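[1] return atomic coordinates for the entry below.
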Amino acid sequence: MMETEFKRGECLIRGLFFALRQLRSDATRKFSEYNIGFEQLEVLFCVIGAEKESMSISEIASFLDKDKATISRAVKSLESKGLVLRQTIMEDKRMIQVKLSDQGMAKIMEAKQEKDFFLAKIESSISKTEQKLFLNVLIKILEAMGSDIEDKHLNHFKNQIFRALDNA
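    Below you'll find the model as predicted:
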């Protein structure tokens, strides 16, 4: 097998993509026992992380940078499993709000134990200083991407990161 020499930037991108694939694969495998696919998991964590009790399909799609049809399918599947409730807004019948059901909250709490174990495994392998450095580098990469990321999403992410750094 012939080795290819990569430029530093290529290694960075390849490393990020490889890590993302591995994280997604691991999360999908771990949460499959809950009969929840990755797209559905993203929706659940988006809704539970919302600053309000519910989110519209458009808000979820915008936040996750997915099309509304994809989110609608995930929400319908979650609803059929009893994990979310869909509510039509009376003022605009086209607007659907999504919120966690009691069963959905229970599933999230079960899944949270798995997530906490997963995070503890990662956090124990790198020091607090390395974690802070990684998060700061990640922010710089995201800022360098500039207009490719909506400002509100980047700012939300940065606020979460800075809160985490302050608590570390």
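[2] and the residue most central in space within the chain, helix, strand or coil?
    For the chain, Glu42 is the residue whose C-alpha lies nearest the centre (C-alpha atoms, centre = their mean; 5.1 Å). Taking DSSP: H, G, I helix; E, B strand; the rest coil as the rule, one finds Glu42 in the helix state.
[3] dump stretch 121-133 to CSV, restricted to CA.
    These are the backbone C-alpha positions of stretch 121-133, laid out as CSV (Å, rounded to 0.1, in the frame of the first residue of the first chain):
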residue,chain,number,x,y,z
LYS,A,121,-14.5,8.0,29.3
ILE,A,122,-13.5,10.9,27.0
GLU,A,123,-12.9,13.4,29.9
SER,A,124,-10.7,10.9,31.8
SER,A,125,-8.4,10.4,28.8
ILE,A,126,-7.5,14.1,28.4
SER,A,127,-6.6,16.7,31.1
LYS,A,128,-8.7,19.8,31.9
THR,A,129,-6.0,21.9,30.2
GLU,A,130,-6.2,19.8,27.0
GLN,A,131,-10.0,20.0,27.1
LYS,A,132,-9.8,23.8,27.3
LEU,A,133,-7.2,23.9,24.5
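[4] hmm, Arg24 is touching Glu39, no?
    No. Using C-beta atoms under 8 Å as the test, Arg24 is too far from Glu39 to be in contact (10.6 Å). To be clear about C-beta, it is placed using only N, CA and C from the backbone, and glycine gets the same treatment.
[5] looking at the two, which is more packed in?
    Glu39 (18 against 13; other C-beta atoms under 10 Å).
[6] three-state assignment of Ala120?
    Of the three states, Ala120 takes helix according to three-state DSSP.
[7] tally of neighbours for Glu33?
    Around Glu33 there are 10 residues (other C-beta under 10 Å).
[8] local confidence estimate at it?
    Glu33 carries a pLDDT score of 77 in this model.
[9] downstream of the helix or strand that contains Glu110, the next helix or strand is which one?
    Assigned by DSSP states H and E, Glu110 belongs to helix 102-125. As assigned by DSSP H and E, the chain's next helix or strand after helix 102-125 is helix 128-145.
[10] mind checking what helix or strand follows that next one in sequence?
    Taking DSSP H and E, what comes next after helix 128-145 is helix 151-167.
[11] what residues are up against the residue nearest to the centre of the chain?
    Leu64, Lys66, Ala74 (C-beta atoms under 8 Å, 6 or more residues apart in numbering).
[12] got it, and Val75?
    Residues near Val75 by C-beta under 8 Å, 6+ apart: Val43, Ile57, Ile60, Val84, Arg86, Ile96, Val98.
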